[in-house]
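*Asks:* Give me a model of this one.
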Amino acid sequence: MPMIPQRRLVVVATFLLAFLLYVDRVCISTAKGPIVAELKLTDAQFGWILSAFAFGYALFQTPAGAMADRHGARRILTAVVTFWSLFTGLTAFAWNFSAMLVVRFLFGAGEAGAFPGMARAVYSWIPVQERGLVKGINFSASRLGAAITMPLLPLMIGALGWKESFLVLMSIGLLWAITWWWWFRDEPAAASVPAAELKFILANRQEQGAAGVSPPPLPLRAMAASANLWLMMGQYFASNFTFFFCLSWLFPYVQKTYALSYTQAGFYAMIPLLCGAAGNICSGLCVDALFRAGRPVASRRLPAVIGFVLAALGLAMSVGQAQVWGAVFWLSVAIFGADMTLSPSWSFCLDIAGRHVGKVSGTMNMAGNLGSALVALAFPYLLKWTGGPTAFFHIGAALSSAAAVAWLFADPTHKIQPPPQPA
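*Replies:* Predicted coordinates for the structure are as follows:
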């Protein structure tokens, strides 16, 4: 019986991590009812709690990515999964609005290192021609985790209570961290990789440099001089503006707007997330197919442009739907499109950053999650100020349209170069 390639097992491990990441992230939205009732919170206060996570997640992206570049995915992912799992559990002990703000901010800071750490593992282990699908698989896992959480966590909360449910999730995260530290190695050459697979990996990835030698530093001024990075940050802001709505406000939005039960809202809120998972896989396949066809620039641009056009269309058409199925259908189109942008975005960062992929992708993700923080606050306040969700969805559609144009100017062949080192 042939052995499973070791790089496939790395993909399985990061798939499970991305799945868990979003289960832990979205559980607070599905637990909104009992949390708001127990802590006596308003919708605006709950919006600030969601935003506190997003701010913590955004602000620590670049430092966490730089640490992944320096210390490797083994140490960083073990550390950050342990940290955020502990704060998942501590969420159960928050006694008021202020305590919940602090806990969720630190929870977000812990999760910040996850995707940059995974990007560093992909850089070391996954050949270039396979990376689009691998990133699509990882992000599809996050959507599946969020989707399954929407209907199932209410059942767990009903059986155990919301606090006990958060403690169960903490235990699962700690188990993943222990397993990762025991099994994973930063370089394939340091793991039990068959000679043929090791040769294939080393021959088809970007130059790594000498073993054990840190890459030359990449100062912020070199990153700030990259038009490519600014374009990635802007378009990722737009992508997260659309997607974070599904993680934060979709469940309570459909429940209240269409007078659904707790369980019904969970199943309806799950559908766009499943479509997001499909969008990730579809995009990843397109990225790799175009790359293998000798079209490296189109492999990044085309899936992203198509995705943002779909996102803009879906958001605009979701406005004013009389039936829940109509709203969910168009929001599913929007999320499918927004998630088509993820594989090309992270593949693009791998292209332009090389060994500094953790820092560069973390910076892109920081900008994106500032969009998430804005969504968490903008939706309830715009709803209050305008009397409905129309303004919010139109803003999201405009951002997606602008992002589609931005991708036309992005060029993955223009790499970020560290400044020359003194002799």
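
*Asks:* What segments of the stretch 1-150 of the chain are helices?
*Replies:* With DSSP state H, counting those that start in this stretch, the ranges of helices along the stretch 1-150 of the chain come out as 6-30, 32-39, 43-59, 61-71, 73-90, 97-111, 114-125, 131-160.

*Asks:* tell me what the fifth one is packed against?
*Replies:* I take that to be helix 73-90. helix 6-30, helix 61-71, helix 97-111, helix 114-125, helix 162-183 (3 or more CB pairs under 8 Å, 6 or more residues apart in numbering; DSSP states H and E). C-betas here are computed from N, CA, C, even on glycine.

*Asks:* please redo it, this time with the cut-off set to 6 Å
*Replies:* helix 97-111, helix 114-125, helix 162-183 (3 or more CB pairs under 6 Å, 6 or more residues apart in numbering; DSSP states H and E).

*Asks:* Which residues does the first one contact?
*Replies:* Counting by CB atoms under 6 Å, 6 or more residues apart in numbering, helix 97-111 makes contact with 41, 45, 49, 52-53, 56-57, 60, 80, 83-84, 87, 90-91, 94, all of which sit outside it.

*Asks:* can you do 7 Å?
*Replies:* 21, 25, 39, 41, 45, 48-49, 52-57, 60, 80, 83-84, 87-88, 90-91, 94 (CB atoms under 7 Å, 6 or more residues apart in numbering).

*Asks:* cool, the second one as well?
*Replies:* The set of residues external to helix 114-125 that reach it, using CB under 7 Å, 6+ apart, is 7, 10, 14, 17, 21, 61, 64-65, 68-69, 72-73, 76-77, 80, 131, 134-135, 138, 186-188, 201, 346, 349-350, 357-358, 361-362, 365.

*Asks:* measure Met223 to Met67 for me?
*Replies:* 16 Å (CB to CB, to the nearest Å).

*Asks:* Let me fix that, I meant to ask about Ala203.
*Replies:* 29 Å.

*Asks:* Between those two, tell me which one has more neighbours.
*Replies:* Met67 (22 against 8; other CB atoms under 10 Å).

*Asks:* so the more buried one sits right up against Ile76, yeah?
*Replies:* Yes. At 5.5 Å, Met67 counts as touching Ile76 under the criterion of CB atoms under 7 Å.

*Asks:* Selection in ChimeraX covering whichever of the contacts of helix 114-125 are buried, please.
*Replies:* Buried residues within these, by 16 or more other CB atoms under 10 Å, are selected in ChimeraX with:
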select :7,10,14,17,21,61,64,65,68,69,72,73,76,77,80,131,134,135,138,186,187,188,201,346,349,350,357,358,361,362,365
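
*Asks:* what about the protein, any weak spots by pLDDT?
*Replies:* Residue ranges of the chain with pLDDT under 70: 1-3, 206-215, 418-423.

*Asks:* export the helices of the stretch 1-150 of the chain to a markdown table and tack on distance to Asp411?
*Replies:* Shown next, in a markdown table, are the helices of the stretch 1-150 of the chain (distance: least, CB to CB, whole Å):
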| stretch | distance to Asp411 |
| --- | --- |
| helix 6-30 | 28 |
| helix 32-39 | 43 |
| helix 43-59 | 26 |
| helix 61-71 | 22 |
| helix 73-90 | 27 |
| helix 97-111 | 31 |
| helix 114-125 | 20 |
| helix 131-160 | 17 |
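
*Asks:* Which one, of those helices, ends up nearest to Arg295?
*Replies:* helix 131-160 (12.1 Å; CB to CB).

*Asks:* Can you point out the buried residues in the closest one?
*Replies:* Within helix 131-160, judged by 16+ other CB under 10 Å, the buried ones are 131-151, 153-154, 156-157.

*Asks:* Same question for stretch 297-313.
*Replies:* Applying 16+ other CB under 10 Å to stretch 297-313 flags 299-313 as buried.

*Asks:* Repeat that for stretch 261-278.
*Replies:* Within stretch 261-278, judged by 16+ other CB under 10 Å, the buried ones are 262, 265-266, 268-278.

*Asks:* on that earlier part again, nearest to Pro389 among the helices of the stretch 1-150 of the chain would be which one?
*Replies:* Of the helices of the stretch 1-150 of the chain, nearest to Pro389 by CB to CB is helix 43-59, at 13.1 Å.

*Asks:* got the angle between the closest one and helix 61-71?
*Replies:* In terms of direction (axes from the mean of the first three to the mean of the last three CA atoms, to 10 degrees), helix 43-59 departs from helix 61-71 by 30 degrees.

*Asks:* roughly how far out does helix 43-59 sit from the chain middle?
*Replies:* 16 Å (CA atoms, centre = their mean, to the nearest Å).

*Asks:* what's the closest non-adjacent residue to Val333?
*Replies:* Nearest non-adjacent residue to Val333, counting by CB to CB, 6 or more residues apart in numbering: Gly314, 3.5 Å away.

*Asks:* Could you report the neighbour count for the one you found?
*Replies:* 26.

*Asks:* How about the one 3 residues further on?
*Replies:* Neighbour count for Met317, taken as other CB under 10 Å: 18.

*Asks:* can you check Phe329 too?
*Replies:* That count, for Phe329 with other CB under 10 Å as the rule, works out to 18.

*Asks:* what's the overlap in contacts for Met67 and Ile76?
*Replies:* Common neighbours of Met67 and Ile76 (CB under 7 Å, 6+ apart) are Gly113.

*Asks:* Compute the first-to-last residue distance for stretch 243-252.
*Replies:* One end of stretch 243-252 sits 15 Å from the other (CA to CA, to the nearest Å).

*Asks:* Tell me the buried residues in that stretch?
*Replies:* Per 16+ other CB under 10 Å, stretch 243-252 contains these buried residues: 243-252.

*Asks:* Quickly find the element holding Gly388.
*Replies:* If you go by DSSP states H and E, Gly388 is not part of any helix or strand.

*Asks:* Now Gly388. Its backbone dihedrals?
*Replies:* Main-chain torsions, Gly388, degrees, to the nearest 10: phi -170, psi 170.

*Asks:* give me the number of residues near it?
*Replies:* By other CB under 10 Å, 12 other residues sit near Gly388.

*Asks:* Over to Trp181?
*Replies:* 15.

*Asks:* Which residues are in contact with it?
*Replies:* Per CB under 7 Å, 6+ apart, neighbours of Trp181: 74, 78.

*Asks:* Please report the distance of it from Leu16.
*Replies:* 15 Å.
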